[in-house]
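A.B. asks: Provide a 3D model corresponding to the input given below.
(chains A and B, ligands or ions: 1)
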Amino acid sequence: MEQLVLLGDEAIAQGAIDAGVTGIYAYPGTPSTEIKEYAERSREAREGKINVCWCANEKTAMETALGVSYAGKRGMVSMKHVGLNVAADPFVNSAITGANGGLLVVSADDPSMHSSQNEQDSRYYGKLAMIPILEPGNQQEAYDMAHECFALSERLHVPVLLRITTRLAHSRAVVRRRKEILEQNPLTLPENPMQFILLPLSARKRYRELLVKQERIAREAEGSPFNNWIDGSDRSLGIVAAGIAYNYLIENYQDGKCPHPVVKIGHYPMPVRLMEDLYQSCDTILVLEDGYPFIEELLRGYLNRGKRIMGRLDGTIPRDGELNPAKVAKALGLPVHDGIPVPGLIVSRPPSLCKGCPHISSYNALNEAMTSYSKGRVLSDIGCYSLGALSPYRAIDSVVEMGSSITMAKGVADAGLIPSVAVIGDSTFIHSGITGLIDLVNSSSPVTVVILDNQTTAMTGGQPSMTSRIENIVEGVGVEKEHIRVVNPLPKNHEENVKIFREELAYHGVSVIIPRRECIQTATRKLKQARNKTKAGEETS
Amino acid sequence: MKKDIILAGVGGQGVLSISALIGLAAMKAGLFLKQAEVHGMSQRGGEVHSHLRLADVPIASDLIPDGKADLILSVEPMEGLRYLPMLSAEGWLVTNTQPFVNIPNYPELDLILQEITRVPHHLAFNAEEMAKEAGSTRAVNTVMLGASIPFLNIAYEKFEEAITDFFQSKGTEIIDMNLAALGKGSDFARKGRGW
Ligand code: SF4
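C.D. replies: Modelled structure (predicted):
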């Protein structure tokens, strides 16, 4: 059996490939990016047997995967947790249409917000859509679950949500690959020609079918190999451990044997019988789960009248932040080993824009041009340039979610702060800035939009950006040509750039400035690759 | 056998590659491993660390429990100190003394070096200097890798094999230079540890 050392993310990609997936779609976002990147490097992708694509955003990615499923083949879409907000419309409705070919939605949550703006828990989305949710506890399970999810999706004719968290997504361990690699499904249209037509008349029917399916969905979870009872004789406490939380639990016992009975959860909806047994046979229940108190809330119920349930809601475990072995030890009343405290002189080292980053010159020019106006009018967005909020730049006043800069700037202008400025990157503009720009144009809002074009998605490691035609798009949606200014953000162009910023800020209408210079990181990488190539050429010639 | 290692440094310094190389050597030695990395925003010059766990039995948690690390291997003097709460009472701090200053309020280096000497088991040295002796300052990480060897219970040859595999595409010159850097780090640490 082939053994590979894989990140949790990579294990998911490998599992999907080995299950005969036909298309994998994604928008980059930490901690999910490596799923698509791994799939792209696979032999299957290189030989053109599977489609692996970055998409404009998570919604387009989700819809493309749904299209693959419609055509009877297996499709997968992967994204970070907040990406599922963007894809929520097709996601929830894909449960109503149901799947034809297996459809797997992977959402990577980021408790502790290592690289995100919130720590929302994707399991709530799974519950909202009323579909099965799988949650791996280790890299092997990530592989096995990704593989099994397609068959499950086809058995139940619904999409399946696979939820992971940062820690597993970005941790490596050995994964045993299955011997048998499945063939791709043949092309087959849905048996029922109305399945994907969600007019109210048919949608009502589809929804009722989804409701009827709930029993089978629950039965699958009840008998799932990913939900287990691990017995223990000390029934003063019963433990529910979901996904990776199980590892932290057994880490706390020398021989890996917990004295209390444990229900290990990897497949939702929660297995009622196992939960019932645990609840009945133990005095108190401890719930260990990474993310929100999803299981805990359900167990307690609204009135919380039953047995004592411990977890994040009663403060046994901190309400926010990812779990770790020490938090679990404390919850179990076990001793925690404190190392040496952090010396007082240690200061934090926040991430910062790279030396020579084009955004630095853009922010310097913008800051200088803004000195003529009062503070608080620069709305920004998600990307490396979000770091412009920190000193020494302190150039931006908001960072909320993908695309919000342009539309919030319109709101700010509508509220009376004129001019207002939006600062957005090229990838984020493609992701969800274009529609906002159309809103601006339609109302001739006095907003200057700065589209920082570094020609890549730098934040997540330099994925190719979606277009090289930003100014064509801007012109196409109706921004006047003389107010579309492309500048080169280099220190030596500072004075000239400040002048251009000033001119456009003074214009009472929609203007767009595009500072264009490639990200230093990707530019250097390309240079190195080119150098290696010529070197290799010299060696062989 | 169980070895829990925290690798520390600054985003862009190549902490993940040291972690990968130890992982490779551990695999060659037939050990189980788990290696939790940090990707994403902090890689932009922020503080980064990696948890690397090696054992001859399956490993449960991807994260090392607080106060249980056997070794903190740091490419940067201040960064190693940041993870002291992870270190066990018998654990070692092995650190480069060359600072990476990319923040305005970087503490005085002398004070940092003093703090390091307060750690019961510590080994601090200028890895850049050693890398230069081996042929290139770019081999700093390989010197650090070498310095970890006396603490790990994995045969030296496994690391040589790992280096050879890792730098295969770069040619024999680079491999030899890294092997030299590995030896320098390892020799120094062996002496420093009193072997
Ligand atoms: S990765 Fe590129 S865009 Fe991001 S901070 Fe560095 S140079 Fe700037």
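A.B. asks: where along chain B do the helices fall?
C.D. replies: B:15-28, B:77-82, B:109-118, B:127-134, B:140-148, B:156-166, B:172-192 (DSSP state H).
A.B. asks: export the third one as CSV, just CAs?
C.D. replies: In CSV, the C-alpha atoms belonging to helix B:109-118 read as follows (Å, rounded to 0.1, in the frame of the first residue of the first chain):
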residue,chain,number,x,y,z
LEU,B,109,20.2,42.1,21.5
ASP,B,110,22.3,41.9,24.6
LEU,B,111,19.2,41.6,26.7
ILE,B,112,17.9,38.9,24.5
LEU,B,113,21.1,36.9,24.7
GLN,B,114,21.0,37.3,28.5
GLU,B,115,17.5,35.9,28.6
ILE,B,116,18.7,32.9,26.6
THR,B,117,21.4,32.2,29.1
ARG,B,118,18.7,32.0,31.8
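A.B. asks: next, the angle helix B:140-148 makes with the lowest-mean-pLDDT helix or strand in chain B.
C.D. replies: Ranking every helix and strand in chain B by mean pLDDT, DSSP states H and E puts helix B:15-28 at the bottom, with a mean of 92. If you take axes from the mean of the first three to the mean of the last three CA atoms, to 10 degrees, helix B:15-28 sits at 40 degrees to helix B:140-148.
A.B. asks: show the pLDDT at A:Pro259.
C.D. replies: Note on A:Pro259: pLDDT of 97.
A.B. asks: distance of A:Val342 from chain B?
C.D. replies: Distance from A:Val342 to chain B, counting by CB to the nearest CB, to the nearest Å: 6 Å. The C-beta positions use only the backbone N, C-alpha and C, and glycine is treated the same way.
A.B. asks: what secondary structure does that residue sit in?
C.D. replies: Recorded secondary structure, A:Val342: coil (DSSP: H, G, I helix; E, B strand; the rest coil).
A.B. asks: how about the one 4 residues further on?
C.D. replies: Of the three states, A:Ile346 takes coil according to three-state DSSP.
A.B. asks: run a quick neighbour tally on it.
C.D. replies: The local packing of A:Ile346 (other CB atoms under 10 Å in any protein chain shown) involves 18 other residues.
A.B. asks: kindly report the same for A:Asn472.
C.D. replies: Using other CB under 10 Å, A:Asn472 has 11 neighbouring residues.
A.B. asks: any buried residues in stretch A:263-282, and which?
C.D. replies: Using 16 or more other CB atoms under 10 Å in any protein chain shown as the test for burial, stretch A:263-282 gives A:263-271, A:274-275, A:278-279, A:282.
A.B. asks: ok, so of those residues, who is nearest chain B?
C.D. replies: The shortest gap between chain B and any of these belongs to A:Lys264, at 12.3 Å (CB to the nearest CB).
A.B. asks: can you give the strand pairings for the helix or strand hosting that closest one, parallel or anti for each?
C.D. replies: For A:Lys264, the host element (DSSP states H and E) is strand A:262-265. Partners of strand A:262-265 in the sheet, by DSSP bridges, are strand A:228-230 (antiparallel), strand A:237-242 (parallel).
A.B. asks: out of those strands, deepest packed?
C.D. replies: When you average the neighbours per residue for each of these (mean count of other CB atoms under 10 Å in any protein chain shown), strand A:237-242 leads with a mean of 25.
A.B. asks: only alpha carbons, please: show stretch A:235-246 as CSV.
C.D. replies: This file holds the C-alpha atoms of stretch A:235-246, laid out as CSV (Å, rounded to 0.1, in the frame of the first residue of the first chain):
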residue,chain,number,x,y,z
ARG,A,235,-18.9,6.8,34.2
SER,A,236,-18.7,9.9,36.4
LEU,A,237,-18.0,11.6,33.1
GLY,A,238,-18.9,10.9,29.5
ILE,A,239,-17.1,12.7,26.7
VAL,A,240,-18.2,13.7,23.2
ALA,A,241,-15.1,14.5,21.1
ALA,A,242,-15.6,15.7,17.5
GLY,A,243,-12.9,15.6,14.8
ILE,A,244,-9.5,16.7,15.9
ALA,A,245,-10.6,17.2,19.5
TYR,A,246,-10.4,13.4,20.0
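A.B. asks: ok, now which ones touch the residue of the stretch 201-350 of chain A found nearest the ligand?
C.D. replies: As assessed by CB to the nearest ligand atom, the ligand sits closest to A:Pro350 within the stretch 201-350 of chain A, at 12.7 Å. A:Pro350 makes contact with A:390, B:46, B:103, according to CB atoms under 8 Å, 6 or more residues apart in numbering or on different chains.
A.B. asks: so where do the helices sit in the stretch 401-541 of chain A?
C.D. replies: In order along the chain, the stretch 401-541 of chain A carries the following helices (DSSP state H, counting those that start in this stretch): A:404-415, A:426-432, A:434-442, A:470-476, A:494-506, A:520-540.
A.B. asks: just these: most buried one?
C.D. replies: helix A:426-432 (a mean of 27).
A.B. asks: tell me the buried residues in stretch B:119-137?
C.D. replies: B:119, B:122-125, B:127-132, B:134.
A.B. asks: reformat the residues you listed as CSV; add distance to A:Gly8.
C.D. replies: Output for these, formatted as CSV (distance: CB to CB, whole Å):
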residue, distance to A:Gly8
B:Val119, 33
B:His122, 34
B:Leu123, 33
B:Ala124, 35
B:Phe125, 35
B:Ala127, 32
B:Glu128, 35
B:Glu129, 39
B:Met130, 36
B:Ala131, 33
B:Lys132, 38
B:Ala134, 36
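A.B. asks: and of those, the nearest to the ligand?
C.D. replies: So of the buried residues of stretch B:119-137, ranked by how close each gets to the ligand (CB to the nearest ligand atom), first place is B:Glu128, at 23.7 Å.
A.B. asks: and the pLDDT for the closest one?
C.D. replies: So B:Glu128 comes in at 95 (pLDDT).
A.B. asks: could I get the pLDDT score of the closest residue to it other than its chain neighbours?
C.D. replies: Excluding the flanking residues, the one nearest B:Glu128 by CB to CB, 6 or more residues apart in numbering or on different chains is B:Gln98, at 4.6 Å. Model confidence at B:Gln98, expressed as pLDDT, equals 96.
A.B. asks: got it, and the one 10 residues further on?
C.D. replies: Note for B:Glu108: predicted pLDDT of 97.
A.B. asks: now do B:Leu113
C.D. replies: At B:Leu113, the model reports a pLDDT of 97.
A.B. asks: and the gap between it and the ligand?
C.D. replies: B:Leu113 sits 30 Å away from the ligand, going by CB to the nearest ligand atom, to the nearest Å.
A.B. asks: looking at it, A:Pro341 is touching B:Tyr83, isn't it?
C.D. replies: No: taking CB atoms under 8 Å as the definition, A:Pro341 is not a contact partner of B:Tyr83, at 11.5 Å.
A.B. asks: on the three-state scheme, the residue in the stretch 301-450 of chain A that chain B sits nearest to is what?
C.D. replies: Going by CB to the nearest CB, chain B is nearest to A:His337 of the stretch 301-450 of chain A, at 3.0 Å. Under three-state DSSP, A:His337 falls in the coil class.
A.B. asks: touching, it and B:Ala69? I think so.
C.D. replies: No: if you go by CB under 8 Å, A:His337 and B:Ala69 don't touch, sitting 10.1 Å apart.
A.B. asks: those two: which is more packed in?
C.D. replies: Of the pair A:His337 and B:Ala69, B:Ala69 is the one with more neighbours under other CB under 10 Å, namely 26 against 16.
A.B. asks: buried set for stretch B:12-26?
C.D. replies: Neighbour-count burial for stretch B:12-26 flags B:12-16, B:18-26 (criterion: 16+ other CB under 10 Å).
A.B. asks: mind telling me the two of these farthest from one another?
C.D. replies: Greatest spatial distance among the buried residues of stretch B:12-26 (CB to CB): B:Gly12 and B:Ala26, at 24.7 Å.
A.B. asks: name the nearest residue to the most centrally placed residue in chain A, ignoring sequence neighbours.
C.D. replies: Nearest to the mean C-alpha position of chain A, by CA atoms, centre = their mean, lies A:Lys80 at 0.4 Å. Leaving aside its sequence neighbours, A:Lys80 sits nearest to A:Gly29 (CB to CB, 6+ apart; 3.4 Å).
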